[in-house]
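>>> Sequence and predicted structure are below.
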Amino acid sequence: MRCHQFEQVEKIFQRSLVKVLHLDLWKCYLMYVRETKASLPGFREKMTQAYEFALSKVGQDIGSTQIWVDYIAFLRTGEASGSFAENQKIASIRRVYQRVIASPILNIEPLWKEYNQFENNINKVLAKRLCEEKSRDFKNALRVAKEADVLFRDVDKGIPSVPPGNLVSEQQQLRLWKKIIAWEKTNPFRSDNPSVVKKRVMFTYEQCLLVFGHHPDIWYEAAHFLTESARALTDKSETLGKEWLDEVTMFYERAIGLFMGTNHFLYFAYADFEQSRMHYDKCHEVYARLVKALGDSDHSLAYVQYMRFARQAEGMKAARLVFKKAREDPHCSYPAFVAAALMEYTCSKDKNIAIKIFELGLKRFAIEIEYAKAYLEFMIPLNEDNNTRVLFERLIGGLPEEKSRDLWDVFQQFESTVGDLASLQKVEKRMAAVFPKDVDNNEAPLIVDRYRFLGAWPCSDQELLSMNHKGFAKQHSLVSGRSGRSASQATATCGEATQAQSATPMNLTGRGMPDVKNMLPFRPSVRVGVNVQGVPGGSFPLPHPLTELSLAIPPPSSFQGPFVVIDDWLRLLGEIDIPDNYESKAGRVFSQAELWYYFKVSLDVLTPW
């Protein structure tokens, strides 16, 4: 605008004005129209349209008072020739006044007084009736404005929209916005018109998204609210309900077209919405767009959800076609194969097809430990023990040793459940040979795994740590550890003294704990006595050697000074530069050792105790 590049300015307004409901942008737009169109014919009509357009978008913003004031002032300055034109001018100003006094914005009281004065200047009899009729709307708007003012007081609308950083200030602002949104959903305006409630809530969501546009939960909550409002309205007005549902589609399109271009969550929610409307072609389009938008990223989750949709909407044949696309996609990993196999087993009831899919995936993902575990979790419940053992051997043989430990643990638990003692011992011997560092001349940790089940262990936490059970230390940290066991776990632990263990401090990270048996107790007291270490609120007894020393020296009351400021003395001591030899005024030369001796004697004299 400063460079008079008005064509570029209008392009920017066309791109962002309707999408960005920020007051400063709309004020800039009105200023642009006022300054650039003033000399054109029909300016007043275009300016009126600009004001109406702005108020239809941001007129309910709590801070939009100045736009209303400017609009009224603009209408007042209009020339009217003849009674008909004068009446039209009065009617236009009256309509704007009546709209603004019913809007919950800041500083609405002066506008109410102006409206009363405006009506009284025209016709006092009519003014009394109109002001009485509009008084209720004004009081309702004033009440809502005061409540909104309190809620918006700490809200910062100038924060740039950035990806979530989980900062304290960010979380505080997010909580404030969610509180405002929840308040708007309660219909504080007490309107019986669903369109008014929907408009106010969605406007608040739009304001929030200007700051938190990278938060998918805000986009989803707004779309969900609009969806529920549309479905509730469908019973009363099917046409209007359909229009609102179409708005949901446009809202999702905005989300994935702006900040959420690669967000799985919003794509899936969008597809579910269209699926609920039975727009299956649109669902296929949404999933295809997600796969394309992901580029070189992992496409697995997109295909997993795509297959689920295809099965739900069109049957297993359609799901298999989606899986065919997933197999041909070089960016698709093992989750799609696992999902397809389980889908065939649970929906088609055909385990052979599922096994074929697992085997097909095994050719590509043989070194993926999670894929191997998923294959085993599928095979074990089939009760085909010999086939499961063969699969164990194949999987373990194809994995590097550093990745196969979890698989060996599953193998051990499997043999403990379905095998005999001899087969179990054979597996444990093989584990000890493969992982000698875990055994380290102590097979007890390995045997402990034989007897554990779910969260029940055959030893206490401290006993497991003392025997250096690496699996236990890995699974249980100090934060998420088993510091408090349930009753079933306590009873399942053989020979565990529950009360004694609960009183013992535990560090489940494997690090050593300090010995606190001889810790001196804290004694709360108002006055600090002799031979104690005083701290705020009480004191600690001195250790035994310091207690004997304090009894051997005179009490503090026997020393009357001089007192040395230790901090200043240490500072001077650090700054002093003692030469190797020093010659006094009498001509005597002192060595450095002698200087230190006399310095120490002086110190003893100054601080005798």
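All right, it came through fine. Here the structure is a predicted model, which means the values were calculated and not measured. Numbers count the residues shown, from 1 in each chain.
>>> Roughly how far does D156 sit from A182?
Taking Cβ to Cβ, to the nearest Å as the measure, D156 falls 19 Å from A182. Placement of C-beta: from N, CA and C, glycine included.
>>> got the contact list for stretch 81-93?
Stretch 81-93 has contacts (Cβ atoms under 8 Å, 6 or more residues apart in numbering) with I72, L75, R76, G78, A80, F118, I122.
>>> Can you tell me which of the residues you listed are classed as buried?
Listed as buried from those are I72, L75, F118; burial here means 16 or more other Cβ atoms under 10 Å.
>>> taking the residues you listed one by one, which sit in helices?
Those of those mapping onto helices are I72, L75, F118, per DSSP state H.
>>> Over to R129: give its phi and psi.
Main-chain dihedrals, R129, degrees, to the nearest 10: phi -70, psi -40.
>>> residues contacting it?
For R129, the contact set (Cβ under 8 Å, 6+ apart) is empty.
>>> and what of L40?
K46.
>>> before we move on, what about the one 10 residues further on?
Taking Cβ under 8 Å, 6+ apart as the criterion, A50 is in contact with Y29, L30, V33.
>>> any idea which of the ones in helices among the buried ones among the contacts of stretch 81-93 is closest to V418?
Within those, the smallest distance to V418 is 84.4 Å, found for I72 (Cβ to Cβ).
>>> nearest spatial neighbour of the closest one, skipping sequence neighbours?
Nearest non-adjacent residue to I72, counting by Cβ to Cβ, 6 or more residues apart in numbering: V96, 5.6 Å away.
>>> For the one you found, grab the count of nearby residues.
Look at V96: counted by other Cβ atoms under 10 Å, it has 20 neighbours.
>>> Using the three-state scheme, assign the one residue sitting closest to the centre of the chain.
Compute the mean C-alpha point of the chain, and by Cα atoms, centre = their mean the closest residue is N166, 5.8 Å away. Look at N166: counting by DSSP: H, G, I helix; E, B strand; the rest coil, its state is coil.
>>> Dihedrals phi and psi, G158?
phi -90, psi 0.
>>> Now do it against H299, distance only.
The value you get for G158 to H299, if Cβ to Cβ is used, is 38 Å.
>>> more neighbours, those two?
Legend: neighbour count by other Cβ under 10 Å for G158 and H299, higher for H299 (23 against 9).
>>> you'd agree the more buried one is up against A293?
No - judged on Cβ atoms under 8 Å, H299 makes no contact with A293 at a distance of 10.2 Å.
>>> hmm, back to that, ok, the residue nearest to the centre of the chain to S229 distance?
From N166 over to S229 (counting by Cβ to Cβ), the distance is 31 Å.
>>> now, among the ones in helices among the buried ones among the contacts of stretch 81-93, which is nearest to R175?
After measuring these against R175 - Cβ to Cβ - the closest member comes out as I72, at 36.7 Å.
>>> contacting residues around the closest one?
So I72 contacts I93, V96, Y97, V100, E114 (Cβ under 8 Å, 6+ apart).
>>> Quick check on those residues: which are buried?
Here, 16+ other Cβ under 10 Å leaves I93, V96, Y97, V100 buried among the contacts of I72.
>>> could you point out where the stretch 301-450 of the chain is predicted with low confidence?
438-442 (pLDDT under 70).
>>> Could I get the full set of helices for it?
Ranges of helices within the stretch 301-450 of the chain are 316-328, 334-347, 351-364, 369-379, 385-398, 405-418, 421-434, 436-439, 444-451, based on DSSP state H, counting those that start in this stretch.
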